[in-house]
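> All I have is the shape, not the residue letters:
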């Protein structure tokens, strides 16, 4: 990454319009990312019926350690285990994961029950790879 270009974009698009320093803008972005990651961890934990506080946090990826302490604090986790090669471990997990495809879109219809159902079915049939 070119640090000077990143600083200029951050200054022009976030810091200056908000009237804050580049450092405060960067910290704000960091906090938003941490909040989103914490919500993702909570969602997976709840879906699997586990309390994440009973586990150690293992940050993966090249920047995983950068977020680990803030995430652990937010999630009330008391242990963090940082692997020796977090980027390689993350890549290995990606290679071992099953392939999934996700599709999303937005559309506008009147909220009449029969129209909504028909519109949703037409939309779904138009994007479904398993069309009849």
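Done, it's in. These figures come from a predicted structure and were not determined experimentally.
> Please count neighbours and contacts with C-alpha atoms only from this point.
OK.
> So residue 59 sits against residue 84, correct?
No - assessed by Cα atoms under 8 Å, residue 59 is found out of contact with residue 84, at 10.8 Å.
> between these two, which one's more packed in?
Neighbour count, other Cα atoms under 10 Å: between residue 59 and residue 84, residue 59 has more, with 23 against 8.
> Next, the more buried one: phi, psi?
Main-chain dihedrals, residue 59, degrees, to the nearest 10: phi -70, psi 140.
> same check, this time on residue 57
Backbone phi and psi, for residue 57 under degrees, to the nearest 10, turn out to be phi -80, psi 130.
> partners of it in the sheet?
Under DSSP bridges, the beta-bridge partners of residue 57 are residue 80.
> next SSE after the longest helix anywhere in the chain?
When the chain is parsed with DSSP state H, its longest helix is helix 22-48. Next along the chain after helix 22-48, taking DSSP states H and E as the criterion, comes helix 64-74.
> for that following helix, which positions count as buried?
64-65, 67-72 (16 or more other Cα atoms under 10 Å).
> Would you mind checking the average pLDDT for that helix?
In this model, helix 64-74 carries a mean pLDDT of 93.
> From the contact counts, what lies against that helix?
Under the contact definition 3 or more Cα pairs under 8 Å, 6 or more residues apart in numbering; DSSP states H and E, helix 64-74 sits against helix 22-48.
> which of the residues in the helix it packs on are buried?
22, 25-26, 34-35, 38, 41-42.
> Stretch 7-27 now?
10-11, 14-15, 22, 25-26.
> before we move on, back to that, ok, so of the buried residues of helix 64-74, who is nearest residue 91?
residue 64 (12.7 Å; Cα to Cα).
> Look at the residue nearest to the closest one when sequence neighbours are not counted and report its pLDDT.
Of all residues not flanking residue 64 in the chain, residue 86 sits nearest, at 7.3 Å (Cα to Cα, 6 or more residues apart in numbering). Note for residue 86: predicted pLDDT of 87.
> and residue 86, how far is that from residue 66?
Using Cα to Cα, to the nearest Å, residue 86 is found at 12 Å from residue 66.
> where in the chain is pLDDT low?
Within the chain, the stretches with pLDDT under 70 are 107-117, 129-132.
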